[in-house]
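Chemist: Pasting a predicted model and its sequence here:
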Amino acid sequence: MNALATRRRPPATAPRRPDLASPGRVRGGSRHTVFGILILAVMLFPVYWMLNVSLQPGGSAVGTPWLPLDVSLDGYATALRDQGGNLMTSLIVALGSVVLSLLIAAPGAYALAHFKVPGARVVLLGILISQMIPGIVVANALYSAYNDLGLLNSIPGLILADSTAGIPFAMLILQTFMKSIPSSIVEASWVDGAGPLRTFVSVVLPMSRNALVTAALFTFLFTWGDFLFALTLTTTEDVRPVTLGLYTYIGAYVADWSSVMATAVLASLPAVVLLVLAQRYVAAGITAGAVK
C-alpha cells in the first residue's frame, strides 16, 4: 500500500527560475542602453561636426548650422586640389612601412618563437625598451643621420623612420601568436622534408594570418597618422604627408574651415575603411594568443 501511494504521489515541482525578461531587468537593460548611446553620441559628435563643417559652403565654423541644409562640395574640391599629392605621399609611406615592418618582424618573431635563439629574452626586453623611447629622441637622432646619408625629404627616409615603431610592435604581436602554434605542427613539417624557410612560408604564415593583419593594420594607422617624423625629416613641399599638409593648411586657410575639415575627412577615410574591413581579423589576432 505504501509503495502504491509512493508511485501515485505527484512529482515535486521544480523551483521556479527567475524570469529573465522581468520588468526590473528590462528597465535596467534599457537604462544601460540609453547610457551607452549617450556616451557614443558624445564621442562621435566631433566626427559629425567635422563632416558637417566640411559640407558647408565655406567661412567660419562658429556660425555653422547644426544640420548641413545647404550642402556644398567646394571644400572637398579645394582639398583634393591642394592636398591630393600629400594624400598619395602618406599612402605610399604607410604601405611601404607596412611591407618593411612585416618583412623584418615576421621572420624575427618566427625565430624567437620556434628556435633556441641565444639571448631571446634579452632581445624581447630590448624590443620592449625601444617602445619606451620618446619619439622626439628618435626623430632628432634620425635627422642627424639622414642629413649625412642624404635621406632628408625622401619617401624611403620616411618609410625607414616610421618602421622604427612598426617593427617592434609587429614583432611582439607576431611572436606571441607564433609561440602559441604547437611545436608538433612545425616539427611535423620538418619530418616531411620541409626546411625552416619552407615551414615558415607554407605553415606558419598561413596560420598567423590574423596576427599579420593586426600588425599590418596598426602599423598602417601609426604611419598614416604620424606627424613628428614628417615634421622633423621633411623641410620642403616636395615630400609632405597629409598630416603635415593639414597642419600647414590650417595656417593658410584658417578662415575657410570647410576646406580644412574636408581635408580631415579625406585623411580619415583610409583608416575607417581598413578598420571596418579588418575588424574581425584584428579581434581574432589580439585574443588568439590567450585562447590557443
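Modeler: That came through, no problem.
Chemist: so what pLDDT did residue 26 get?
Modeler: On pLDDT, residue 26 comes in at 54.
Chemist: need the longest helix for the protein.
Modeler: helix 74-114 (DSSP state H).
Chemist: immediately after that helix, which helix or strand?
Modeler: For helix 74-114, the following helix or strand on the C-terminal side (DSSP states H and E) is helix 120-130.
Chemist: helix or strand right after that following helix?
Modeler: Next along the chain from helix 120-130, counting by DSSP H and E, comes helix 135-149.
Chemist: buried stuff in that next one?
Modeler: Within helix 135-149, the residues that qualify as buried are 138, 139, 142, 143, 146, counting by 16 or more other C-beta atoms under 10 Å. C-beta here means a position set from N, CA and C on the backbone, and glycine is covered the same way.
Chemist: Just put those in TSV and tack on distance to residue 278 and pLDDT.
Modeler: Shown next, in TSV, are the buried residues of helix 135-149 (distance: C-beta to C-beta, whole Å; pLDDT from 0 to 100):
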residue	distance to residue 278	pLDDT
138	27	90
139	29	91
142	29	92
143	33	92
146	32	93
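Chemist: of all those, which two lie farthest apart?
Modeler: Spatial extent of the buried residues of helix 135-149 (C-beta to C-beta) is set by the pair 138 and 146 at 11.7 Å.
Chemist: burial of residue 121, as a residue count?
Modeler: Neighbours of residue 121 under the rule other C-beta atoms under 10 Å: 9.
Chemist: go on, residue 183?
Modeler: Residue 183: 10 neighbours (other C-beta under 10 Å).
Chemist: State the pLDDT value of the nearest residue to it once chain neighbours are set aside.
Modeler: Distance criterion C-beta to C-beta, 6 or more residues apart in numbering; nearest residue to residue 183, sequence neighbours excluded, is residue 114 at 6.7 Å. pLDDT for residue 114: 84.
Chemist: go on, residue 283?
Modeler: 64.
Chemist: Could you shift the numbering so residue one becomes 29, and keep it that way?
Modeler: Sure, I'll start numbering at 29, so the last one becomes residue 311.
Chemist: before we move on, the earlier item: I'd like to know which of the buried residues of helix 163-177 is nearest to residue 128.
Modeler: residue 170 (14.9 Å).
Chemist: so what's that closest one up against?
Modeler: Listed by C-beta atoms under 8 Å, 6 or more residues apart in numbering, the contact set of residue 170 reads 185, 188, 189, 192, 257, 260, 261.
Chemist: Take those residues and keep only those in helices.
Modeler: Short answer: the contacts of residue 170 in helices (DSSP H) are 185, 188, 189, 192, 257, 260, 261.
Chemist: Residue 62: which of these is nearest?
Modeler: Using C-beta to C-beta, the ones in helices among the contacts of residue 170 come closest to residue 62 at residue 257, 43.0 Å.
Chemist: Report the contact partners of the residue lying closest to the closest one once chain neighbours are set aside.
Modeler: For residue 257, ignoring the flanking residues on the chain, the nearest one in space by C-beta to C-beta, 6+ apart is residue 189 at 4.3 Å. Residue 189 sits next to 166, 167, 170, 257, 261 when contact means C-beta under 8 Å, 6+ apart.
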